[in-house]
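J.: pasting the sequence and the predicted model now:
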Amino acid sequence: MNILPAGRAIVVGLLAFCSLAVARDLDQDEALRLRQEGVILPLEQLLGQAMARYPGARLLEAELEEKQQKLVYEVELLTTAGVVREIKLDAATGDLLKDEEDD
């Protein structure tokens, strides 16, 4: 297959863009290793921070992801008002990255 230089550039650009949009879930062994190495903060610490934003909320899901070479805790909460919130926290610093209503 012969791709013209302009077409090749478009394909390479699309592949690079798609790779940025993909998040990779880390498994528990990987998360434990990163925690022990001091790369990320404990989930319990950041989970408390997320739960404090919505007193009385229930935890639905928490996971550690790698997005664009950044480690992120994604937490989903069900508020007392029945709204599902998606909260993303920088796993290394605890900084709030996103807090929005989940679809």
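T.: Done, it's in. Numbering: from 1, shown residues only.
J.: need the contact list for residue 30.
T.: By CB atoms under 8 Å, 6 or more residues apart in numbering, the contact set of residue 30 is residue 64. Just so you know, the C-beta spots here come from the backbone N, C-alpha and C atoms, and that holds for glycine as well.
J.: helix/strand/coil for it?
T.: For residue 30, the secondary structure call by DSSP: H, G, I helix; E, B strand; the rest coil comes out as helix.
J.: any idea how far it is from residue 84?
T.: Distance, residue 30 to residue 84, by CB to CB, to the nearest Å: 26 Å.
J.: residue 61 too?
T.: Using CB to CB, residue 61 is found at 10 Å from residue 84.
J.: do residue 75 as well
T.: On the measure of CB to CB, residue 75 and residue 84 end up 11 Å apart.
J.: in terms of neighbours, single out the busier of these two.
T.: residue 75 (24 against 14; other CB atoms under 10 Å).
J.: packing partners for the helix or strand hosting the more buried one?
T.: Using DSSP states H and E, residue 75 falls within strand 70-78. Contacts defined by 3 or more CB pairs under 8 Å, 6 or more residues apart in numbering; DSSP states H and E place strand 70-78 against helix 43-52, strand 58-67, strand 84-90.
J.: if you count neighbours, what's buried in the first one?
T.: Okay, so that is helix 43-52. 43, 46, 47, 49, 50, 51 (16 or more other CB atoms under 10 Å).
J.: over to the shortest one?
T.: Buried positions in strand 84-90, judged by neighbour count with 16+ other CB under 10 Å: 85, 86, 87, 88, 89, 90.
J.: could you export those to TSV, including columns for distance to residue 66 and pLDDT?
T.: Compiled in TSV, those are given as follows (distance: CB to CB, whole Å; pLDDT from 0 to 100):
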residue	distance to residue 66	pLDDT
85	22	97
86	17	97
87	17	97
88	12	96
89	14	97
90	12	97
